[in-house]
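Student: coordinates for the following, if possible.
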Amino acid sequence: QAQLVESGGGLVQAGGSLRLSCAASGRTFSSSAMGWFRQAPGKEREFVAGISRNGGSTYYADSAKARFTISRGSAKNTVYLQVNTLKPEDTGVYYCAAKPTAARDIVLTARYEYDYWGQGTQVTVSS
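Tutor: Okay, the predicted model is just below:
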């Protein structure tokens, strides 16, 4: 069974950094577009960053630009989200998502476009 497992979340002070990881198992996600979403308490799950199947294209939500970096591991079955200069409003559960696709350069930003989801990792930023 295909699984995505996130890790790397935690409690950090404002201005700090974290590196979130998403490891895929059960099937290869090297042929998938991947993305990170987050959900703050009482809010809808929102897009944060996405990366294409070949890793050559990325896209970020305005709130993540210049502070977050999405990347794929060398085996392309792992996706990372480096989050820097964290703010209290970055607090939430961060989810990894995957969409198998034949398109090498496409980046997906909508929740409904993704087929597989992880259970999430909590990020809490204190002021």
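Student: now do the contacts for Trp117.
Tutor: By C-beta atoms under 8 Å, 6 or more residues apart in numbering, the contact list for Trp117 reads Leu4, Tyr95, Cys96, Ala97. The C-beta positions use only the backbone N, C-alpha and C, and glycine is treated the same way.
Student: repeat that with 10 Å
Tutor: Counting by C-beta atoms under 10 Å, 6 or more residues apart in numbering, Trp117 touches Gln3, Leu4, Glu6, Gly35, Phe37, Arg45, Tyr95, Cys96, Ala97, Ala98, Arg111.
Student: the chain: strands as residue ranges?
Tutor: 3-7, 10-13, 18-25, 32-39, 46-51, 58-60, 68-72, 78-83, 92-100, 116-117, 121-126 (DSSP state E).
Student: which one of the ones you listed lies closest to Ile106?
Tutor: Among those, the nearest to Ile106 by C-beta to C-beta is strand 32-39 (5.8 Å).
Student: so for the closest one, mean pLDDT?
Tutor: In this model, strand 32-39 has a mean pLDDT of 96.
Student: now that strand - C-alpha only, PDB.
Tutor: In PDB, the C-alpha atoms belonging to strand 32-39 read as follows (Å, rounded to 0.1, in the frame of the first residue of the first chain):
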ATOM      1  CA  SER A  32       4.800  11.900  -9.300                       C
ATOM      2  CA  ALA A  33       4.400  15.600  -8.800                       C
ATOM      3  CA  MET A  34       4.700  16.300  -5.100                       C
ATOM      4  CA  GLY A  35       3.500  19.100  -2.900                       C
ATOM      5  CA  TRP A  36       3.400  20.400   0.700                       C
ATOM      6  CA  PHE A  37       0.200  21.800   2.300                       C
ATOM      7  CA  ARG A  38      -0.500  23.000   5.800                       C
ATOM      8  CA  GLN A  39      -3.500  23.400   8.000                       C
END
